[in-house]
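quick check, what structure comes out for this input:
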Amino acid sequence: LGDQPVLAVDLLGFGQSRKPAWPDYTLTDHARALRKTIRHAAPLRQVILCGHSLGTLVAIEYTKLFPRRVQKLVLCSPPIYLPSDIAKRPLREALLKTIGKGFLKAINTSPKLIGAVNQYKRSQKNFHVSREGFSPYAKTARNSILLQTSLNDACNLPPLPITILYGTLDAVMIPKHFKTIQRQRRNVVIETAITGHEIRKRYAKLIAKHLEQ
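Here you go, the predicted model:
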């Protein structure tokens, strides 16, 4: 990305970020935690906000809450759903396969599912759910993904460029929602790649292209 500074962030409760027990891990919780990080790293700058998967929902929420801080949104594989989408069997099964066994069951069950999740996702080198991270994982599944309002929020954000990228082989995408955002707003670009949900080499090149534009 040339000489542009890049800040890569682990969302609250994931990766190397703090994993406090008290938050409900709503999108607002995630967005406010992200705000603290951005204010520390780039206190006076507008940012190009790029998120992948859950990170796209956080990016939409951040822009809704703090619109003056965002110059552009790049949304990669956004899992934007309505309640009626979650109720449909094909999407539920695709979510289980993509995000791991226990994605939906984790809401009301115990950390015994950690082993099942990690065993199922053993092919994904960057995916791991620890005992410490189980509560954030389960709360986020419920409060940030299943109970989201991201489609309506994205349609009603202040004017700014939005790029939506996704893989044509990604079973958990609902492209008609991206078209809805594009119809409701100006300056929305949608582009696809022949790839799945994970960011691999071809997908990474596409993302870099849009970040540099």
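
please make it C-alpha for all contacts and neighbour counts, starting now.
OK.

quick one: low-confidence ranges for the protein?
1-2, 92-134 (pLDDT under 70).

contacts only, for the spatially most central residue of it.
Taking CA atoms, centre = their mean, the centroid of the chain lies closest to Leu54, which sits 1.9 Å from it. By CA atoms under 8 Å, 6 or more residues apart in numbering, the contact set of Leu54 is 78-79, 144-145.

how near is it to Pro78?
Using CA to CA, to the nearest Å, Leu54 is found at 7 Å from Pro78.

cool, Asn143 as well?
Separation of Asn143 from Pro78 (CA to CA): 16 Å.

same check, this time on Leu27
Remark: distance between Leu27 and Pro78 (CA to CA) = 14 Å.

now for Ile60: which residues touch it?
73, 150, 153-154.

helices of this structure, residue ranges please.
Using DSSP state H, the helices of the chain run over 27-41, 54-65, 83-86, 89-99, 113-120, 131-140, 150-155, 175-184, 201-212.

circling back: mutual contacts of Leu27 and Pro78, please.
The contact sets of Leu27 and Pro78 overlap at Leu57 (CA under 8 Å, 6+ apart).

before we move on, back to that, who's more crowded, Asn143 and Pro78?
A count of neighbours by other CA atoms under 10 Å puts Pro78 above the other of Asn143 and Pro78, at 26 against 16.

and the more buried one, how far is that from Arg35?
20 Å.

next one: Arg69
Taken as CA to CA, the span from Arg69 to Arg35 is 9 Å.

distance of Gly196 relative to Arg202?
11 Å.

tell me the buried residues in stretch 139-158?
For stretch 139-158, a neighbour-count test (16 or more other CA atoms under 10 Å) marks 139-151, 153-155 as buried.
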